[in-house]
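In: coords please:
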Amino acid sequence: MIAVVVLTGILTRFLPFSAFFRNVDTLIHELSHALVTLALSGRVNVIHLYSNQGGVTLSTFSSNWMAIPISLAGYVGSALFAVLLFYLYAKRNERAGLLTVMILAIVAAALFVRNGYGLLWCVGFAVLSGLVAFMAPPLLQKSYYLLIAFICLVESVISPFVILVLSVTRPASAGDAANLAQATHVPAVIWCLVFIAVTLWCAKLSTSLLFKRGFGSGAAKI
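Out: Numbering: from 1, shown residues only. I've put the predicted structure just below:
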């Protein structure tokens, strides 16, 4: 599992336009925050996505304790989404996965994302994914799908390690872990370790699903 994550992490960095696709993980991360906020009857004010693969969700909610599940949702949600993508791959249902990411990008652009780059990215990614889902030959569709799935997997694993370093060097800059530390008085580094444990477990599930199918040919289900 570790070898797969490391190898794909290296390879995706050398692919042209890989930075563009890495924002998929950012989108899922921020939408996970938004979903939990709405589930707790809070309000999502705005989502911003940036060209450096950063993002932020600004929301309001009625009770301080709600900051805990909302802050937990980002890294956990993106890791679980990677599992979903590889589950659909194992079921030879790539088109369903492409339609899922396309719809999520459209919903995000319509309801939440308000900065210029974020809107352009969501629209561009939705159009590209829709074209691949409905017009691309099977091999291209499968390759595009695996690119997205692997990027989601790799980014979901790498990101908690990045904030782990920040939690030691600059605790206030450790993103969701810093928010959790403020809400619970548990050090940010502990929350980073929780995120790492969850994402590694999800990565194990994802790679198991990957090798369940392998890389053989086969038409995707509609």
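
In: and the helix ranked longest in the chain, which residues are buried?
Out: Using DSSP state H, we find that the single longest helix of the chain is helix 138-169. By neighbour count on 16 or more other Cβ atoms under 10 Å, the buried set for helix 138-169 is 141-142, 144-157, 159-160, 163-164, 166-167. The way it works is simple: take the backbone N, C-alpha and C, and place the C-beta from them, glycine included.

In: mind checking the SS state of residue 57?
Out: Following DSSP: H, G, I helix; E, B strand; the rest coil, the label given to residue 57 is strand.

In: circling back to that earlier point, in the next helix or strand after the longest helix of the chain, which residues are buried?
Out: Moving toward the C-terminus from helix 138-169, the next helix or strand (DSSP states H and E) is helix 175-184. With burial defined by 16+ other Cβ under 10 Å, the residues of helix 175-184 counted as buried are 175, 176, 177, 178, 179, 180, 181, 183.

In: and helix 175-184, what does it pack onto?
Out: Under the contact definition 3 or more Cβ pairs under 8 Å, 6 or more residues apart in numbering; DSSP states H and E, helix 175-184 sits against helix 67-90, helix 138-169, helix 188-213.

In: who is residue 44 paired with across the strands?
Out: Counting by DSSP bridges, residue 44 forms beta bridges with residue 59.

In: ugh, wrong one, I meant residue 48
Out: residue 56.

In: what helix or strand is the spatially most central residue of the chain on?
Out: In the chain, the C-alpha nearest the mean C-alpha coordinate belongs to residue 25, at 2.7 Å (Cα atoms, centre = their mean). Under the criterion of DSSP H and E, residue 25 resides in helix 18-39.
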